[in-house]
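> Give me coordinates for this.
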Amino acid sequence: MGEPEGCVICHQVESPAVPSTPRKEDAPSHTPIEDKLLTCSQPVCGKRFHTSCCKYWPQASRSKHSARCPRHVCHTCVSNDPSGKFQQLGSSKLAKCVRCPATYHQDSHCIPAGTQMLNATNIICPRHNIAKADAHVNVLWCYICVKGGELVCCETCPIAVHAHCRNIPIKTNENYICEECESGRLPLYGEIVWAKFNNFRWWPAIILPPTEVPSNILKKAHGENDFVVRFFGTHDHGWISRRRVYLYIEGDTGDGHKTKSQLFRNYTTGVEEASRFLTIIKARRQEQAMGRQSGIKLHPPPYVKIKTNKAVPPLRFSQNLEDLSTCNCLPVDEHPCGPEAGCLNRMLFNECNPDYCKAGSLCENRMFEQRKSPRLEVVYMNERGFGLVNREPIAAGDFVIEYVGEVINHAEFQRRMEQKQRDRDENYYFLGVEKDFIIDAGPKGNLARFMNHSCEPNCETQKWTVNCIHRVGIFAIKDIPVNTELTFNYLWDDLMNNSKKACFCGAKRCSGEIGGKLKDDAVKAHAKLKQMRRAKAPTVRIHVKPKKTPKVKHISADDEPMDAKDE
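Numbers count the residues shown, from 1 in each chain. Predicted coordinates for the structure are as follows:
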């Protein structure tokens with residue numbers, strides 16, 4: 001009898017006594033039940049893994065009846081939501097790293113740049129680049145707000161952030177792994193990046209597929225997990241690792257340091273070329289993605305469907321029908337209690353009660369109780385995730401749908417927010433009505449929970465009183481043609497304690513932040529500079545380099561980003 005097979009992640013039979021985790025507060029609490037080895041239930045697998053180890057590989061899934069190790073989904077494809085409950089496993093063949101659970105589809109759209117291809121199904125992913133000569137360089141500005149100051153640097157790529165911009169507690173004696181790295185999203189062949197080559201400034205470049213690398217460049221010395229980039233503006237080539245590149249984002253304009261040298265002219269040309277190439281690449285990849293997804297119907301994550309709000313103790317709904325207001329509308333009116341009837345209740349945002357309204361069954365001010373919604377459908381909106389679309393035209397002022405969910409007080413809201421921060425979950429469904437009346441449509445709700453934010457929305461929220469209880473309705477603020485995505489402004493400033501969250505609504509006057517003030521088009525490009533392109537749900541961290549404290553740099557906001565030197 002041989003030794004029993006250990007965990008596919010830590011390679012141990014017993015759970016590690018001190019699990020390697022980038023953040024100490026994320027260390028799992030160990031109990032015999034929690035840390036037992038689970039067997040993957042996927043056919044012809046049988047790999048085993050610890051529940052605690054899954055915290056660092058969120059692609060794994062587990063429930064009361066089954067478990068799945070992280071080696072059955074493409075980590076690139078699911079990087080937008082690596083812990084999503086409804087991942088599309090598909091039938092495409094996968095290539096798996098022989099040193100860790102990293103798994104990718106066997107094509108250039110998913111295989112990370114710098115991957116060593118051992119054969120068709122076995123690889124060594126770029127995480128295992130341990131060349132001492134490859135100096136790790138971080139940018140000297142926050143990747144979110146583009147300002148200097150005290151920065152916390154990612155241990156595996158050049159990204160650096162302010163702790164307050166990420167809205168997570170980061171201590172000086174703890175390692176930090178950025179969102180891109182912790183979700184398994186690594187640089188891909190054909191992507192445009194900012195690259196730091198030798199002592200030159202950060203320069204826009206494109207990662208070349210191995211088949212496009214010139215023969216003379218192939219002969220140059222390089223690391224096993226390095227890849228070749230072609231620099232825009234000069235068209236020079238160089239070998240580089242993922243530790244010295246980060247993703248180029250639409251709207252990037254460089255560091256702004258101007259000189260009259262030929263090098264700066266090449267740099268300016270390179271930034272312009274990169275912007276043009278990015279537009280072409282995005283259009284081409286969108287066509288390819290639509291082709292791959294044709295015939296595959298994506299389903300939203302599960303939730304409990306409810307029709308009315310549910311109070312969560314200690315909060316309770318109280319009704320006193322004696323406080324109901326009545327209107328003067330009569331059943332003989334043309335449209336009793338309608339939008340143009342001058343109904344007192346409607347003007348005060350009160351819904352009529354049929355037992356008190358003189359119009360009786362003819363009353364037109366009962367949108368909430370009668371759920372007078374147009375036909376709506378949940379549709380996958382690519383980069384914006386799932387959204388809500390109308391299947392019939394909606395006129396300005398019409399009732400669209402009620403926003404329903406669990407109604408919680410402020411203390412419960414804070415508890416749920418803290419739990420989301422611990423879980424690195426940025427999928428928020430909170431809607432504040434009053435301090436101790438907050439609707440959370442995350443665990444329970446209706447179709448309204450799928451409405452996305454927009455800085456220039458076509459709907460708005462209104463607080464109404466229905467039978468003496470506050471309720472929130474969503475109403476159209478303009479005529480909405482059929483098959484249009486329905487949006488409203490989340491207005492998170494007060495509820496989310498003024499925390500920043502990048503906005504990608506695509507509106508012409510997008511503020512760049514959810515709940516921010518609208519900006520003119522001329523200001524928009526600078527405001528969105530370096531904003532994260534993917535609004536992921538952050539996940540648990542993948543620990544790559546233990547025993548190393550994060551680098552904290554003190555930089556003035558006036559410092560130029562191009563002054564970054566090799567460390």
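> Regarding this protein, what is its longest helix?
In the chain, assigned by DSSP state H, the helix with the most residues is helix 262-293.
> what's the offset of that helix from the middle of its chain?
When distances are taken as Cα atoms, centre = their mean, to the nearest Å, helix 262-293 is centred 22 Å away from the chain's centroid.
> Okay, buried residues for that helix please.
Across helix 262-293, burial judged by 16 or more other Cβ atoms under 10 Å covers 264, 266-267, 270-271, 273-275, 277-278. Where C-beta positions appear, they are placed from N, C-alpha and C, glycine not excepted.
> what helices or strands is it leaning on?
If contacts are counted by 3 or more Cβ pairs under 8 Å, 6 or more residues apart in numbering; DSSP states H and E, helix 262-293 sits against strand 192-195, strand 203-207.
> closest to A396 out of those strands?
Set against A396 and scored by Cβ to Cβ, the helices and strands packed on helix 262-293 come closest in strand 192-195, at 41.6 Å.
> mean confidence score for the closest one?
Taken as a whole, strand 192-195 has an average pLDDT of 93.
> Likewise for stretch 482-499?
Averaged across stretch 482-499, pLDDT comes to 79.
> just to revisit the earlier point, could I get the helices and strands packed on helix 262-293 as TSV with mean neighbour count?
Output for those, formatted as TSV (neighbours: other Cβ atoms under 10 Å):
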stretch	mean neighbour count
strand 192-195	23
strand 203-207	25
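> Turn the ones you listed into a markdown table, columns for distance to R230.
Formatted as a markdown table, these follow (distance: least, Cβ to Cβ, whole Å):
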| stretch | distance to R230 |
| --- | --- |
| strand 192-195 | 10 |
| strand 203-207 | 5 |
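> who wins for proximity to T308 among these?
Once the helices and strands packed on helix 262-293 are compared by Cβ to Cβ, strand 192-195 is nearest, at 48.8 Å.
> Parallel or antiparallel, list what pairs with that closest one.
strand 203-207 (antiparallel), strand 245-247 (antiparallel) (DSSP bridges).
> thinking again about what came up before, redo the buried residues of helix 262-293 as CSV? Include pLDDT and distance to S183.
Formatted as CSV, the buried residues of helix 262-293 follow (pLDDT from 0 to 100; distance: Cβ to Cβ, whole Å):
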residue, pLDDT, distance to S183
F264, 86, 35
N266, 90, 34
Y267, 89, 31
G270, 90, 29
V271, 90, 27
E273, 91, 29
A274, 90, 24
S275, 89, 26
F277, 89, 25
L278, 87, 21
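> okay, now the closest residue to Q319 other than its chain neighbours: neighbour count?
Spatially, and ignoring its direct neighbours in sequence, Q319 is nearest to C468 (4.9 Å; Cβ to Cβ, 6 or more residues apart in numbering). Residues near C468, counting by other Cβ atoms under 10 Å, number 16.
> need the contact list for C468.
Taking Cβ atoms under 8 Å, 6 or more residues apart in numbering as the criterion, C468 is in contact with 318-321, 323-324.
> Low-confidence ranges, the stretch 51-200 of the chain, go.
55-56, 63-64, 80-92, 129-134, 167-174 (pLDDT under 70).
> can we see that at 80?
Along the stretch 51-200 of the chain, the parts satisfying pLDDT under 80 run over 51-66, 78-92, 107-109, 129-136, 166-175, 177, 179-180, 182-184.
> Which stretches in it count as helices?
Along the stretch 51-200 of the chain, the segments classed as helices by DSSP state H, counting those that start in this stretch run 163-166, 179-182.
> Specify the beta-bridge partners of the nearest residue to M367 once chain neighbours are set aside.
Of all residues not flanking M367 in the chain, F399 sits nearest, at 3.9 Å (Cβ to Cβ, 6+ apart). On the basis of DSSP bridges, F399 is bridged to F475.
> Quick check: the gap between F399 and L140.
51 Å (Cβ to Cβ, to the nearest Å).
> Equivalent analysis for H128, please.
The value you get for H128 to L140, if Cβ to Cβ is used, is 28 Å.
> Without its sequence neighbours, what residue ends up closest to C459?
The shortest distance from C459 to any non-neighbouring residue, by Cβ to Cβ, 6+ apart, is to F488 (4.5 Å).
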